[in-house]
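S.K.: Test case, fold it:
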Amino acid sequence: MFPRGRYLVALGRSWHPEEFTCSQCKAVLEEGGFFEERGSVYCTKCHDNRYAPNCAKCKKKITGEIMHALKMTYHVQCFMCAACKNPIRNQAFYMEEGEPYCERDYEKMFGTKCHGCDFKIDAGDRFLEALGYSWHDTCFVCALCQINLEGKTFYSKKDKPLCKGHAFAPV
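M.R.: This is a model prediction of the structure:
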């Protein structure tokens, strides 16, 4: 049997407006939205107080947009790059000394560039340290003949590696 007068339909049933109330505070839920949780209905405020997770950084309840990272939950504004202070949202990020960094700032602050090609040396790349710089293993070559110098005797002139044959040639 259908109710007489004004009614609303929610959760697959028809309700008199005054009977559709928050399970906790008993406020009428005719306007303003509601949440269903474990068979009960709640107004937004009661639902947030009861079920909203706490932010891992500021410890306050998270209502609205949420950020999941590092097996924890944050307000979007609380999970930000330690350098530029912009929220990271769904972008790639790196952790350094317990702090998150956006990709751009991480590369700028902690990234290593190859002195030979000026591209970054990624994790897993083979590289070597020579003449006070980092080099991809394939970029450490004689400045004149381009022969690879990895593991070989080399000389330096004006911070440029040279093979034995070109060590005394003008650069």
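
S.K.: The protein: strands as residue ranges?
M.R.: Taking DSSP state E as the criterion, the chain carries its strands at 8-10, 13-15, 35-37, 40-42, 66-69, 72-75, 93-96, 99-102, 127-130, 133-136, 155-157, 160-162.

S.K.: Verify the stated contact: Ala92 with Arg104.
M.R.: No: the criterion here is Cβ atoms under 8 Å, and Ala92 misses it with Arg104 at 9.9 Å. From N, CA and C alone the C-beta is placed, and that goes for glycine too.

S.K.: Please identify which of these two sits among more neighbours.
M.R.: Arg104 (15 against 9; other Cβ atoms under 10 Å).

S.K.: do you know how far that one is from Glu36?
M.R.: Distance, Arg104 to Glu36, by Cβ to Cβ, to the nearest Å: 42 Å.

S.K.: Equivalent analysis for Asp105, please.
M.R.: Plainly put, Asp105 is 42 Å away from Glu36 if you go by Cβ to Cβ.

S.K.: quick one, which of those two is more surrounded?
M.R.: Neighbour count, other Cβ under 10 Å: between Asp105 and Glu36, Asp105 has more, with 20 against 12.

S.K.: quick one, phi psi at the residue lying closest to the more buried one once chain neighbours are set aside?
M.R.: Nearest residue to Asp105, sequence neighbours excluded (Cβ to Cβ, 6 or more residues apart in numbering): Ala83, at 3.9 Å. With angles defined as degrees, to the nearest 10, Ala83 sits at phi -90, psi -60.

S.K.: which residues sit in contact with Ala83?
M.R.: Listed by Cβ atoms under 8 Å, 6 or more residues apart in numbering, the contact set of Ala83 reads 101-102, 105, 108-109.

S.K.: On the pLDDT front, check it for me.
M.R.: Per-residue confidence (pLDDT) for Ala83: 97.

S.K.: Look up how far Val41 lies from it.
M.R.: Counting by Cβ to Cβ - Ala83 and Val41 are separated by 44 Å.
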